[in-house]
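Chemist: sequence first, predicted model second:
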Amino acid sequence: MATDRGEPLLSVRDLRVFFPSGRHGRVDAVRGVDFDLRAGEVLAIVGESGSGKSVTARSLVGLAGPGARVRADRLRVDGEDLRTASAQRLRRIRGLRVGLVLQDALSALDPVRTVGAEVGETLRVHNLVRRAEAVPRVVELLERARVPEPALRARQYPHQLSGGLRQRALIAAAMAADPPILIADEPTTALDVGVQARILDLLAAKRDAGTGILLISHDLAVVARLADRVAVMYDGVFVEEGTTRELLTDPRHPYTRHLLAAIPAGQDRDIRLSAGQHRTDVAAPVARGCHYAPRCPLAEDACRVEEPVPVSIGDTHTARCRLLDAPWTPADRVSRAEGRPVGETVLAAAHLSKSFPGPDRSRRLAVDDVSFTLGAGETLGIVGESGSGKSTTAQLVLGLLEPDEGQVTLHGSPWSHRRERDRRPLRRRIQFVPQEPLASFDPRYTVARLIAEGLGGTARREVRRHRARIAELLTLVGLDPALADARPRRLSGGQRQRVAIARALASEPDVIVCDEPVSALDVSVQAQILDLLGDLRQELGVALLFISHDLGVIRHLSDRVLVMHDGKVVETGTAREVFDRPTHEYTRSLLAALPRVGDAFARAEPLADSAT
């Protein structure tokens, strides 16, 4: 074993990955990165979507993607040179020597096979156990991954498990052969804070047992809790690298500072998270100079022709911006202009209850006696773990479900318990922004037709008639009106989310219901969307019902907060009251489980100890 000689488990030098594009062009996804990973160490690679993080990780095990071309001066896994490894050899290495945990467990797990069959696949492929030992071993692996009732879960299918259970099952599958290296690609994205805490504790236990972990993430709070070293990636290169404490407390590159400034946790709600950023989601490729120069507010002419100065850190080299020699403090924040005061009540929910039949035909209360009001220009945040009733509450408010008991009123008039044909003329007054807009967009429609849905029609003559208004809405949400003729799949995640907001604004609604609208976005795009929603609330007076499991997002954006647990509202109050002086034990457990950048450098008590 490489570890017996004290050598890195994983050693990479000048890794380059490109994809052919068009007849003669190509897309350079990774442009020359170096790093080492040792036993019992966590190296995190952070950066925006499209920066090359996942391609870097997948290229290590031959999964860079169709058409990918991978080049490296060194690519060693556990002492073995993989540059000339055959596809058969790479299949042998995957699972046995390198475990892979993907972001979306539902798509990673085979929907027609049981969870037990998925977890046991590595055992079968590598002939690690006899047939009679397979089932007990799978149950043991699920139990080690902290899956409750492992014998039952092994017989279930992926769609029958919650997101957190599926993620833990995927970790059990990745660790089935006890590989010395684990690649975890966004393992906690879109998971609620309690489940996230359990996943982080599980990964920390593997690290402490000697597993080397390559963590891919855009969540700097997660990175601060788990990683020993951090490499910041932008446009296919590492722009900065160092120990976690060093990099997160004294960043020396503008892009790293940009990422840290965009974190909403602990930021005053009147502070703009994306101040000084260019409104773009796409890195502008450069042939020479600093890759971040096209977006950097500090960039000089020299930055566009000179590479940043390399600095040695241990066995690796990183780049430090020559313009940022002074220590960093998160100062020079830009405040949002004072908005209009909260107006009259536009939406009220009174004693809402909703139940659904379970597998045993008994009914389970998903929403239990929930009441709240929402004023014009106000943001009400609803927070809670998965299964707490947040999304069902949103569907009741939107009129997509009818409550078993209670009612919703819009401007004092009944909204629930009405025939849909009576409700339809009023639907323009309450709009919806979903978590994943792509799933709600007709892929055949252009952006202009999607926005025209909110203006009264999608026929070509309607789109032409509303062309000026469509351009105005795109500008309002920070998009180039030239994107009006683009189709959704050509857009980045942040651009699609802005299109969804533009579509919601088209009918000039009084209320917008946002259900996890930023949970799958990287931190800088999330910052732009949160700033946009804050601006729209103040400029237009629109009321926001904002649903999220991200406590930092809820605190930053909300005037008032509802905390839900098992379908009930267990605590309510202003954002400051709920977060600074929580009164309910469940709220305190959520806050205790929340990873934070500033207080995670010492190896602390397990995050999940106080999480329910």
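Modeler: The structure has been received and is ready for your questions.
Chemist: residue contacts, the residue nearest to Q395 when sequence neighbours are not counted?
Modeler: Excluding the flanking residues, the one nearest Q395 by Cβ to Cβ, 6 or more residues apart in numbering is L401, at 4.4 Å. To be clear about C-beta, it is placed using only N, CA and C from the backbone, and glycine gets the same treatment. Residues in contact with L401 (Cβ atoms under 8 Å, 6 or more residues apart in numbering) are 354, 392, 395.
Chemist: same check, this time on V12
Modeler: With Cβ under 8 Å, 6+ apart, V12 has these contacts: 33-36, 60, 72, 74-76.
Chemist: does it count as helix, strand or coil?
Modeler: strand (DSSP: H, G, I helix; E, B strand; the rest coil).
Chemist: count of neighbours near L161?
Modeler: 19 (other Cβ atoms under 10 Å).
Chemist: wait, I meant V138
Modeler: Residues near V138, counting by other Cβ under 10 Å: 28.
Chemist: was I right about Q495 contacting V477?
Modeler: No - judged on Cβ atoms under 8 Å, Q495 makes no contact with V477 at a distance of 9.4 Å.
Chemist: before we move on, back to that, would you list the contacts of L401 in JSON lines and tack on neighbour count?
Modeler: Converted to JSON lines, the contacts of L401 look like this (neighbours: other Cβ atoms under 10 Å):
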{"residue": "K354", "neighbour count": "22"}
{"residue": "T392", "neighbour count": "23"}
{"residue": "Q395", "neighbour count": "18"}
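Chemist: now, these that are in strands?
Modeler: Using DSSP state E, the members of those that fall within strands are K354.
Chemist: residues touching stretch 64-82, excluding its own?
Modeler: Residues contacting stretch 64-82 (Cβ under 8 Å, 6+ apart): 1-2, 5, 7-20, 26, 29, 55, 58-62, 83, 90, 93, 97-98, 180-181.
Chemist: mind checking which of those are buried?
Modeler: 2, 8-12, 15-19, 29, 55, 58-62, 90, 93, 97-98, 180-181 (16 or more other Cβ atoms under 10 Å).
Chemist: which of these fall in helices?
Modeler: 55, 58-59, 90, 93 (DSSP state H).
Chemist: report pLDDT for the residue nearest to Q395.
Modeler: Note for L401: predicted pLDDT of 93.
Chemist: then the one 3 residues further on?
Modeler: Per-residue confidence at D404 stands at 95 (pLDDT).
Chemist: which helix is the longest one in this structure?
Modeler: helix 523-540.
Chemist: that one - contacts with which helices or strands?
Modeler: The contact analysis (3 or more Cβ pairs under 8 Å, 6 or more residues apart in numbering; DSSP states H and E) places helix 523-540 against helix 254-261, helix 493-505, strand 543-548, helix 551-557.
Chemist: what packs against the longest one?
Modeler: Other elements packing on helix 493-505 under the criterion 3+ Cβ pairs under 8 Å, 6+ apart are strand 430-433, helix 437-440, helix 447-452, helix 467-476, strand 511-515, helix 523-540.
Chemist: how about the helices in the stretch 151-300 of the chain?
Modeler: Assigned by DSSP state H, counting those that start in this stretch, the stretch 151-300 of the chain shows helices spanning 163-174, 193-208, 220-226, 244-249, 254-261.
Chemist: enumerate the positions of stretch 96-115 that are buried.
Modeler: 96-105, 108-109, 114-115.
Chemist: thinking again about what came up before, out of the helices and strands packed on helix 493-505, flag the one nearest V346.
Modeler: strand 511-515 (5.9 Å; Cβ to Cβ).
Chemist: got the CA positions of that closest one in PDB?
Modeler: The C-alpha coordinates for strand 511-515 follow below in PDB (Å, rounded to 0.1, in the frame of the first residue of the first chain):
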ATOM      1  CA  VAL A 511     -47.600  37.200  -3.600                       C
ATOM      2  CA  ILE A 512     -44.800  35.000  -4.900                       C
ATOM      3  CA  VAL A 513     -44.300  31.600  -3.300                       C
ATOM      4  CA  CYS A 514     -40.700  30.400  -3.500                       C
ATOM      5  CA  ASP A 515     -40.200  26.800  -2.700                       C
END
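Chemist: how many neighbours does G163 have?
Modeler: 16.
Chemist: I figured it hits V195, correct?
Modeler: Yes - with contact defined as Cβ under 8 Å, G163 and V195 form a contacting pair (6.9 Å).
Chemist: overlap in contacts of these two?
Modeler: With Cβ under 8 Å, 6+ apart, G163 and V195 have common neighbours S386.
Chemist: just the pLDDT for the residue lying closest to H253 once chain neighbours are set aside.
Modeler: Once flanking residues are discounted, H253 sits nearest to E240: 4.1 Å by Cβ to Cβ, 6+ apart. Model confidence at E240, given as pLDDT, is 88.
Chemist: what do you get for the one 10 residues further on?
Modeler: pLDDT, the model's per-residue confidence, is 83 for D250.
Chemist: which residues does L182 bridge with?
Modeler: Beta bridges link L182 to G99, I213 when assigned by DSSP bridges.
Chemist: identify each buried residue in stretch 362-373, please.
Modeler: Quick answer for stretch 362-373 (16+ other Cβ under 10 Å): 365-368, 370, 372.
Chemist: if we take these, which one ends up nearest to A299?
Modeler: The closest of the buried residues of stretch 362-373, once distances to A299 are taken by Cβ to Cβ, is F372, at 46.4 Å.
Chemist: doesn't that closest one belong to a helix?
Modeler: No - secondary structure of F372 (three-state DSSP): strand, not part of a helix.
Chemist: assign the residue positioned nearest the centre of the chain to helix, strand or coil.
Modeler: Closest to where the C-alpha atoms of the chain average out (Cα atoms, centre = their mean) is A520, at 3.3 Å. What three-state DSSP gives for A520 is coil.
Chemist: ramachandran coordinates for it?
Modeler: Dihedral angles of A520 (phi, psi; degrees, to the nearest 10) stand at phi -100, psi 10.
Chemist: show me what contacts it?
Modeler: Counting by Cβ under 8 Å, 6+ apart, the residues that A520 touches are 189-190, 435-436, 493.
Chemist: do V553 as well
Modeler: 264, 518, 526, 530, 546.
Chemist: which two in those residues are spaced the farthest apart?
Modeler: Most distant of the contacts of V553, by Cβ to Cβ, are Q526 and F546, 12.8 Å apart.
Chemist: where does pLDDT dip in this protein?
Modeler: Along the chain, segments meeting pLDDT under 70 span 1-6, 22-24, 104-106, 190, 265-270, 275-287, 308-341, 358-360, 598-612.
Chemist: returning to that earlier point: now that we have the contacts of V553, which of them are buried?
Modeler: For the contacts of V553, buried by 16+ other Cβ under 10 Å: 264, 518, 526, 530, 546.
Chemist: looking at the helices of the stretch 151-300 of the chain, which is nearest to Y292?
Modeler: It's helix 254-261; of the helices of the stretch 151-300 of the chain, that one is closest to Y292 (Cβ to Cβ) at 4.7 Å.
Chemist: what packs against that closest one?
Modeler: strand 229-234, strand 237-243, helix 523-540.
Chemist: distance between the longest one and the chain's centre?
Modeler: Centroid separation between helix 523-540 and its chain, computed with Cα atoms, centre = their mean, to the nearest Å, is 17 Å.
Chemist: also stretch 550-562?
Modeler: 17 Å.
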